[in-house]
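K.L.:
Let me see the structure of the following:
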Amino acid sequence: MLKINIICIGKIKEKYFSDAIAEYTKRLGAFCKFGITELPEEKIRDNNPNQAQIGEVLLAEGKSILKKLGASDYVIALCIEGKMISSEELSKTLDSLALSGKSTVSFIIGGSYGLSDEVKNRAGLRLSMSRMTFPHTMARMILTEQIYRAFEISTNGKYHK
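P.N.:
Predicted structure coming up:
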């Protein structure tokens with residue numbers, strides 16, 4: 001059974017996002033081993049940080065993300081410059097990874113400043129959810145739903161229309 005991880009920076013504070021993620025997590029149990037790892041957000045004391053301070057945050061968060069990845073994980077990094085794909089294409093991607101022998105797929109959602117180059121370079125796929133910007137907590141909920149939808153598509157379930 002394929003293992004799917006979401007590794008993300010920060011915690012969810014809104015109960016409505018947590019409830020939605022919990023529902024899709026429960027549903028995903030029929031298709032894969034699914035887990036979410038929340039890592040602490042690096043703090044910047046300055047309200048108007050400069051590029052060097054942001055770079056330090058990205059580097060620190062990137063190191064903590066990379067420590068959570070297994071050597072054989074297939075990594076999908078969510079980032080603005082990533083490729084936009086359809087739900088059907090995500091389904092085909094996950095099917096293809098499973099058929100090629102990958103046992104773990106790790107999706108990465110960075111903090112408010114994004115992802116370090118080290119994390120992006122570790123990724124086999126850079127994925128953009130949209131040209132629009134979403135709060136990271138909403139992106140996590142949407143990603144969880146899309147992973148569930150991808151499995152429903154690949155099994156010809158009734159969820160995807």
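
K.L.:
Now do the strand or helix carrying L97: which elements does it pack against?
P.N.:
L97 is located in helix 87-99, with elements delineated by DSSP states H and E. Applying 3 or more Cβ pairs under 8 Å, 6 or more residues apart in numbering; DSSP states H and E, we find helix 87-99 packed against helix 136-154. Glycine gets a C-beta too; all of them are placed from N, C-alpha and C.

K.L.:
Report the angle between the strand ranked longest in the chain and helix 87-99.
P.N.:
For the chain, the strand with the greatest residue count under DSSP state E is strand 74-83. If you take axes from the mean of the first three to the mean of the last three Cα atoms, to 10 degrees, strand 74-83 sits at 150 degrees to helix 87-99.

K.L.:
Between helix 136-154 and the helix holding L97, find me the angle.
P.N.:
Going by the same axes, to 10 degrees, helix 87-99 makes 70 degrees with helix 136-154.

K.L.:
Give the buried residues for helix 87-99.
P.N.:
Across helix 87-99, burial judged by 16 or more other Cβ atoms under 10 Å covers L90, S91, T93, L94, L97, A98.
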